[in-house]
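Novice: coords please:
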Amino acid sequence: PVYGPLIQMLQPSSYQSIIRIHICGDGGVGKTTLKECIQANLTNLFHREVPVITERTIGLDIKSIIDNSVKLIIYDYGGQKEFHVNHSRFLRGNNSLYIIVLSLCDFIDNDGNTISIIKALSDKKLSELSNTYKYWLKFINVGLSSNR
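Specialist: Presented below is the predicted three-dimensional model:
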């Protein structure tokens with residue numbers, strides 16, 4: 001019953017094109033902000049304000065934008081590890097674009113405090129980012145492999 005509306009959104013319809021954008025990445029890196037910017041700019045081409053998002057996405061947030069005969073579906077995946085197990089159900093589909101969002105800046109120091117001056121990433125942090133990127137690529141690949 002919970003998946004009923006989601007299944008309906010995923011079914012083929014009378015649209016000439018259905019385009020899916022999957023926004024993936026760890027928690028707190030800006031996926032929801034990116035989704036809101038895409039949505040705002042597609043619905044209002046002269047929108048210049050960047051939305052400020054402070055709440056984390058719980059599980060998965062799906063938005064649909066319909067323009068004439070094209071349906072754009074944006075999947076915003078919650079980045080916390082506890083949500084990853086469900087993502088593979090949705091990381092698939094034809095006409096899909098996968099965006100992996102990574103934070104290239106450190107905004108929090110080693111003690112968990114917010115810092116006001118953005119500092120360059122250490123080699124260790126760059127290695128962690130590389131591993132995160134590879135993790136999401138593998139995760140997407142598994143979703144695509146199960147679609148065949």
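Novice: Off-centre distance for stretch 57-74?
Specialist: 12 Å (C-alpha atoms, centre = their mean, to the nearest Å).
Novice: pLDDT below threshold where in the chain?
Specialist: Scanning the chain with the threshold set as pLDDT under 70 gives 1-14, 43-54, 106-110, 112, 114-118, 143-148.
Novice: And the helices in it?
Specialist: 4-10, 31-43, 84-87, 123-145 (DSSP state H).
Novice: and the third one, which residues are buried?
Specialist: Right, helix 84-87. Neighbour counts over helix 84-87 (16 or more other C-beta atoms under 10 Å) mark His84, His87 as buried. Heads up, the C-betas are built off the backbone N, CA and C, glycines and all.
Novice: for the last one, same thing?
Specialist: Of the residues in helix 123-145, those buried under the neighbour-count criterion (16+ other C-beta under 10 Å) are Thr132, Trp136, Phe139, Ile140, Gly143.
Novice: same question, stretch 17-33
Specialist: 18-26, 29-33.
Novice: cool, stretch 74-92 as well?
Specialist: Of the residues in stretch 74-92, those buried (16+ other C-beta under 10 Å) are Ile74, Tyr75, Asp76, Tyr77, Gly78, Gly79, Phe83, His84, His87, Phe90, Leu91, Arg92.
Novice: Only the C-alpha atoms, please, for that stretch, written as CSV.
Specialist: Below are the C-alpha coordinates for stretch 74-92, written out as CSV (Å, rounded to 0.1, in the frame of the first residue of the first chain):
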residue,chain,number,x,y,z
ILE,A,74,13.8,13.8,-9.8
TYR,A,75,14.8,11.3,-7.1
ASP,A,76,16.5,12.8,-4.1
TYR,A,77,18.1,10.0,-2.1
GLY,A,78,18.6,10.3,1.7
GLY,A,79,22.4,10.1,2.2
GLN,A,80,22.4,8.5,5.6
LYS,A,81,23.6,4.9,5.6
GLU,A,82,20.4,3.5,7.1
PHE,A,83,18.5,4.5,4.0
HIS,A,84,20.9,3.0,1.4
VAL,A,85,19.3,-0.5,1.6
ASN,A,86,16.1,0.8,0.0
HIS,A,87,17.8,2.9,-2.7
SER,A,88,18.5,0.0,-5.0
ARG,A,89,14.8,-0.4,-5.6
PHE,A,90,14.7,3.0,-7.4
LEU,A,91,18.3,3.3,-8.9
ARG,A,92,17.2,2.0,-12.2
